[in-house]
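> Just a sequence and a predicted model for now, questions to come.
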Amino acid sequence: MADPYLVPGSEGLLRNEIGLTTIEELWEAEYHYAEVGAAELFASQRNIRISMRGWRTVHKVLFRDVYDWAGEYRTVFLIKDNERGRSRFCEPSRIEAEGTRVLDGLKATLRHLDHAPFEKIAEEFAGAYVDLNQVHPFREGNGRSQKVFFSLIARRYGIQLNWAEIFPEEHNKAAVDGSFGELGLICQHFRSIAERRSGNTVTLSYPVRQEND
């Protein structure tokens, strides 16, 4: 069955609101618009809930000028090739339930922020990140919106996430390993990028550009 998100007859080009006709141009535009949207969210001090609705809001702000389906769950199955074979993401009908399950667990963890070792909190973020990556709720822009979503959640608790300190290729490998139950590298990443800060000193660290997330 044809993918309804693609330009008919194209080699994988997503339908877009800005009339771009090559994948390379679209990647460039996506990155620009998403970076602007992320800065807008941080500047607004908007209270983003720890919920799938919160993630959808973030995705919509990041990609509203690029895709007419920004902030909406995908309606197609997604499979992505990687160095270990293929990742099969959550089926569309289970996105809301699976995502909510993971985020409820993260909320429960954050209630104990002041009573648990911070390293443990960072590792809980890592586990939730891997699980939500497998949910992969949107047709495109999952990685970028998830990082901004996590940054906004963390800010509420005085936690800085320094995404720019991670090499994209290594982070992709960590996410893939995590999907196979190997959480060592992704936990290492979160321990290295998460730090406690006081007051309003948490800033936006936008992820380094990568081709496809």
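On my side now, so go ahead.
> most residues in a single helix of this protein, which one?
When the chain is parsed with DSSP state H, its longest helix is helix 23-44.
> Other residues contacting it?
For helix 23-44, contacts defined as C-beta atoms under 8 Å, 6 or more residues apart in numbering pick out 11-14, 16, 18, 20, 48, 58, 61-66, 140-141, 144-145, 148, 151-152, 155, 203-204, 206, 209, 211-212. In this view, the C-beta of every residue, glycine as well, is placed from N, C-alpha and C.
> swap in stretch 52-70?
5, 14-18, 26, 29-30, 33-34, 37-38, 40-41, 48, 71-73, 95-96, 99-100, 103, 132, 137-141, 144-146, 148-149, 152-153.
> could you point out which element follows the lowest-mean-pLDDT helix or strand in the chain?
Of all helical and strand segments in the chain, the minimum by mean pLDDT, DSSP states H and E falls on strand 85-88, at a mean of 83. Counting by DSSP states H and E, the element after strand 85-88 in chain order, helix or strand, is helix 95-110.
> any residues touching that following helix, and which ones?
Under C-beta under 8 Å, 6+ apart, the answer for helix 95-110 is 50-52, 55, 73-74, 90, 116, 121, 124-125, 128, 131-132, 134-135, 137, 153, 157.
> List the buried residues in that helix.
For helix 95-110, a neighbour-count test (16 or more other C-beta atoms under 10 Å) marks 95-96, 98-99, 102-103, 106, 109-110 as buried.
> which residues does residue 11 contact?
The neighbourhood of residue 11, defined by C-beta under 8 Å, 6+ apart, consists of residue 23.
> Next, it: secondary structure please.
Following DSSP: H, G, I helix; E, B strand; the rest coil, residue 11 is assigned to coil.
> check which helix or strand covers the residue minimising distance to the centre of the chain.
Note on the chain: the residue nearest the mean C-alpha position is residue 146, at 1.7 Å, using C-alpha atoms, centre = their mean. Using DSSP H and E, residue 146 maps to helix 142-156.
> where does this structure dip in pLDDT?
Within the chain, the stretches with pLDDT under 70 are 1, 199, 209-213.
> Let's see that with 90 instead.
Low-confidence segments of the chain (pLDDT under 90): 1-2, 11, 45-47, 80-87, 112, 114, 168-169, 172, 197-201, 206-213.
> Can you tell me what sits against whatever helix or strand comes next after the helix holding residue 146?
Scanning forward in sequence from helix 142-156 by DSSP H and E, the next helix or strand is strand 159-161. Strand 159-161 has contacts (C-beta under 8 Å, 6+ apart) with 121, 125, 147, 150-151, 154, 193-197, 201-203, 205.
> C-terminal to strand 159-161, what's the next element?
Moving toward the C-terminus from strand 159-161, the next helix or strand (DSSP H and E) is helix 168-179.
> Would you indicate which residues of that following helix are buried?
168, 171-179.
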